[in-house]
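In: pasting the sequence and the predicted model now:
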Amino acid sequence: MKQKLTDFYNKFNEDKRLDHRHGQVEFLTSMAYLHSYLSPGDRIVDIGAGAGRYSLTLKNEGYDVTAVEYVRPNIGKIRAKDRELKVIEASAVDLPMFQDDEFDVSILFGPMYHLYSKEDRIKALSEAKRITRKYIFVTYIMNEYSVIRYAFMDQNYSQVKDKLDDTYRIDDPDAIFFQARIEDMDELNRICGLKLLCRFASDGPSDYIRSSLNAMDEETFAAYLDFHRKTCERKDLLGASSHVVDILTK
């Protein structure tokens, strides 16, 4: 799996994705929720930090941030931007270098994408629980979004139909992405003994309407961001979002 992820992130530009308007929706929304839970002086660990967009932004805001990343190409990207940021090469499922309650806030905006086994997802969330005093932010890629986007919008149904069960749940243990449903998130929180404080769609339908977002003038895009922020916790919309974030506590 590590080699698969290395190959993927050698080709995929996460910074470029977040610079596009559909990525800006995700980033700005997630940052707004982070700011609503963070306090001055909080220690933050960004587990699965990717290319470091969140870690570096929060460090530049004055927070004590440690970035944990499993894929070396991403570590290189982080260090090229800021050699002073603390970066540790490690998997989300095994963090023995950290003490219990060492951090105030843990961010897992990447690991649940790539942990295909339920056992590994439980380990990752349990480790985050162990090392975190206050809040844990966890992002999932949603199953229904993936089916709509890749099977139907991109017209790949004939190639992927054998990887869909009779409820259209994606079942492909060889994939590098795990796609979740709300019930999977609820079950994981229950098993790990975590309390859900808030659940929001970080990007909602933004990935479906990339071309429309890119064509908007600044006033319309600002209105879209306002619309998204005021609807991103609606339970009737969550499951079809690209990404959904749980804010958890012990």
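Out: Ah, there it is. Everything numeric in this text was worked out from a predicted model, so none of it was measured.

In: which one is the residue nearest the centre of the chain nearest to, not counting chain neighbours?
Out: Against the mean C-alpha coordinate of the chain, by CA atoms, centre = their mean, the closest residue is Phe109 at 2.7 Å. Leaving aside its sequence neighbours, Phe109 sits nearest to Thr139 (CB to CB, 6 or more residues apart in numbering; 4.5 Å). Any C-beta I mention is one placed from the backbone N, CA and C, and that applies to glycine too.

In: so the one you found lies in a helix, does it not?
Out: No: counting by DSSP: H, G, I helix; E, B strand; the rest coil, Thr139 is not part of a helix but strand.

In: please identify the buried residues of stretch 151-171?
Out: For stretch 151-171, burial by neighbour count (16 or more other CB atoms under 10 Å) applies to Ala151, Val160, Leu164, Ile170.

In: before we move on, what about stretch 94-111?
Out: The neighbour-count check on stretch 94-111 (16+ other CB under 10 Å) flags Leu95, Phe98, Glu102, Phe103, Asp104, Val105, Ser106, Ile107, Leu108, Phe109, Gly110, Pro111 as buried.

In: lowest pLDDT pick from these?
Out: By pLDDT, Gly110 ranks lowest within these, coming in at 89.

In: show me the contacts for the residue nearest to that residue when sequence neighbours are not counted.
Out: Excluding the flanking residues, the one nearest Gly110 by CB to CB, 6+ apart is Gly48, at 3.2 Å. Residues in contact with Gly48 (CB atoms under 8 Å, 6 or more residues apart in numbering) are Val68, Glu69, Tyr70, Ala92, Leu108, Phe109, Gly110, Pro111, Tyr113, His114.
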